[in-house]
Each structure stands twice: as structure tokens, then as C-alpha cells.
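Q: Fold the following for me, if possible:
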Amino acid sequence: MWEKITNSPIIDVLDILIVAYLLYRLIVFIKDTRVIQMFVGLGFLLVLSFLASSLGMIVVGQIIGTLQTVWVVAFIIIFQPELRAALTNLGLRRGYGLFRAPEEIPQEQELLEAVGRLRKRGLGALIVIEREVRLNNWIKKGVILDAEITAATIETIFTVPGPLHDGAVIISQNKIAAAAVILPITEQEELGYVLGTRHRAAIGISEQSDAIVIVVSEETRAVSIVHDGDIRRGLSAEDVTAELERITLRQAGRGGKTKAPGNPPEAQNEPASPAP
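A: Next up is the predicted model:
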């Protein structure tokens, strides 16, 4: 019975599909990142290694062999943040929730009302909504609140010169778990020229988890939503609602037909927000 299964052409097809999927994920992972530069360097070393072996260049072959070993170690050290993000995303079980109901945003109306108030008053804000990946390590670094999610509470937290207005608020287990949380800054250096610290912190935490992050710019009063390292800026109240729905449906494995709201033209030139 087992021999019939192992000799079945279905196994060959499955083998090809798994390899194709892994290659696809690798391409998606390295696309538009600095990792691709390292792969180009590796490809160059492999070509040199092949030429050295074909032409009988013993010394060159030994040197390249040593460099290839060093390359593996250097790759792990230099790209540790990217590898961590890739492994985190791999463990989020995306794509397995085809029949799972989308998990609702906790107290969404209160959050939206808070965002509207903050926007109207020109108060900067950074709100992190925990999803499947727990944010306990970051919660411990802030001021523990364990408070009910209300628009008034969130507005009060981010009101200057309150002691908690700096940093982020983390929503966890249907509570305001912590405030004044210092988040990791994304290591995408090119974003430093167009985005402020608050927005780069939002991207940073979204790269290390599946959290949904809402950012209110203190300078421009623009609202942005960040998820999975992707930021959508200059959103209207309707766009914020639609974007939250799109993300929750995608996390449940049913987001393929939901179109994300587009950024208005003025959002492309939005100046960087000030540091929180």
C-alpha cells in the first residue's frame, strides 16, 4: 500500500508544487529588499566557482569555497531582521483560514471615534491592534493599563502634555493593554526620507507581527493604516473602515476580492510626521 502511494505520480506533482511554492515565497521575500543584492553576489561566486573548477584553478576554487562558507554566516548575521520577519509571517497560518470567520476589530466603533477626535484636534497617535501574534514582550515595555476600550480613554492618552502621549497604545484581549510603548523602527533606511518616526515605528511592528496599526499624523492630521509592512496613507473615515475590513477578511483567508482603498494624490506628497 505504501509503495503504491510513494510510486504514484501524485507524489511527483506534489513535490513540484511544494518546490514551486517555496521558490515563489523566496522571490516574494527578496523582492524589493536588500536581500536580493546578497543573492546576486552569491550567484557571481557560484559562476566563478564553476569556471575555476572547469579550468582547474585550484587556488581560486579554494578561495571561493571559503568565501561561500563565510557568505552563509554573513547572510544570517546581516539579514537577521528580515529572516525573523519571514519566519514570523510563515508561522501566522495565513491561507489556512479559508472557512474561518474573520476576527473582528475589538470595539471598532470606539477606535474609529477616537481616531476622528484625535484627527480633529491635531493630536498624533499610534494605535496597535493585536491579532494572532501576541505582543506581550512589547506590552511589558510600556505602561500597563488593562483599561476598557473607549474613545475618551484613547483621546486622553494621546492628549499633550499627558505623561502617556509618547509612544504607542496596544490593544490586546479586548483591552487597552498598555500605553507609552516604544516600538521597533523599521530597518528600511529609504523610508527615513519620507516618513517620520511614528510611521516607521508602525511599519516596524507590522513587520514583526500581524498587528494592524493606525497612525494619526500630528502635523498633517492624516490617518494611515499599516499592516504586514504595507502603509496606506491619507485615508478618509470611510477608507479607514474599508481598509480594516479588507485586512480582517484577508487574515481570514477571504480577502482576494476586496479592493483596498487607493491613496489620494495628495497622500503621496504628505510630509513626514514628527517623532512621537
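Q: all helices of this structure, in order?
A: Assigned by DSSP state H, the helices in the chain fall at 2-6, 9-30, 35-55, 58-78, 80-90, 108-121, 136-139, 151-157, 197-207, 237-251.
Q: got the angle between the third one and helix 58-78?
A: Going back to what we said before, that points to helix 35-55. Using axes from the mean of the first three to the mean of the last three CA atoms, to 10 degrees, one finds that helix 35-55 and helix 58-78 are set 160 degrees apart in direction.
Q: Helix 35-55 - what's its average pLDDT?
A: Averaging the model's pLDDT scores along helix 35-55 yields 74.
Q: just checking, what packs against that helix?
A: Secondary structure elements in contact with helix 35-55, counted by 3 or more CB pairs under 8 Å, 6 or more residues apart in numbering; DSSP states H and E, are helix 9-30, helix 58-78. All C-beta spots, glycine's among them, are computed from the backbone N, C-alpha and C.
Q: among the helices of the chain, which is the most enclosed?
A: Comparing the helices of the chain on average neighbours per residue, with mean count of other CB atoms under 10 Å, the densest one is helix 197-207 at a mean of 24.
Q: where does the protein have low pLDDT?
A: Low-confidence regions of the chain, defined by pLDDT under 70, span residues 1-7, 25-26, 28-39, 68, 71, 75, 78-102, 192, 251-276.
Q: quick one on the thing from earlier: reformat the helices of the chain as CSV; add distance to residue 174.
A: Rendered in CSV, the data for the helices of the chain read as follows (distance: least, CB to CB, whole Å):
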stretch, distance to residue 174
helix 2-6, 46
helix 9-30, 33
helix 35-55, 37
helix 58-78, 38
helix 80-90, 23
helix 108-121, 11
helix 136-139, 14
helix 151-157, 13
helix 197-207, 19
helix 237-251, 15
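Q: With residue 231 as the reference, name the closest of those helices.
A: Proximity to residue 231 (CB to CB) singles out helix 197-207 among these, at 5.9 Å.
Q: what about the closest one, distance to the chain center?
A: 8 Å (CA atoms, centre = their mean, to the nearest Å).
Q: so how far is residue 76 from residue 197?
A: When distance is defined by CB to CB, to the nearest Å, residue 197 is 28 Å away from residue 76.
Q: Not counting sequence-adjacent ones, nearest residue to residue 179?
A: Counting by CB to CB, 6 or more residues apart in numbering, the nearest residue to residue 179 once its immediate chain neighbours are dropped is residue 164, at 4.2 Å.
Q: again with residue 225
A: That would be residue 243: by CB to CB, 6+ apart, it lies 4.8 Å from residue 225.
Q: Help me confirm that the one you found comes into contact with residue 232.
A: Yes - using CB atoms under 8 Å, residue 243 makes contact with residue 232 at a distance of 6.0 Å.
Q: At which residues are the strands of the stretch 151-276 of the chain located?
A: For the stretch 151-276 of the chain, the strands defined by DSSP state E, counting those that start in this stretch cover 168-172, 175-181, 212-216, 223-227, 230-235.
Q: my guess is residue 179 contacts residue 142, does it?
A: Yes - applying CB under 8 Å as the test, residue 179 and residue 142 come out as touching, 5.9 Å apart.
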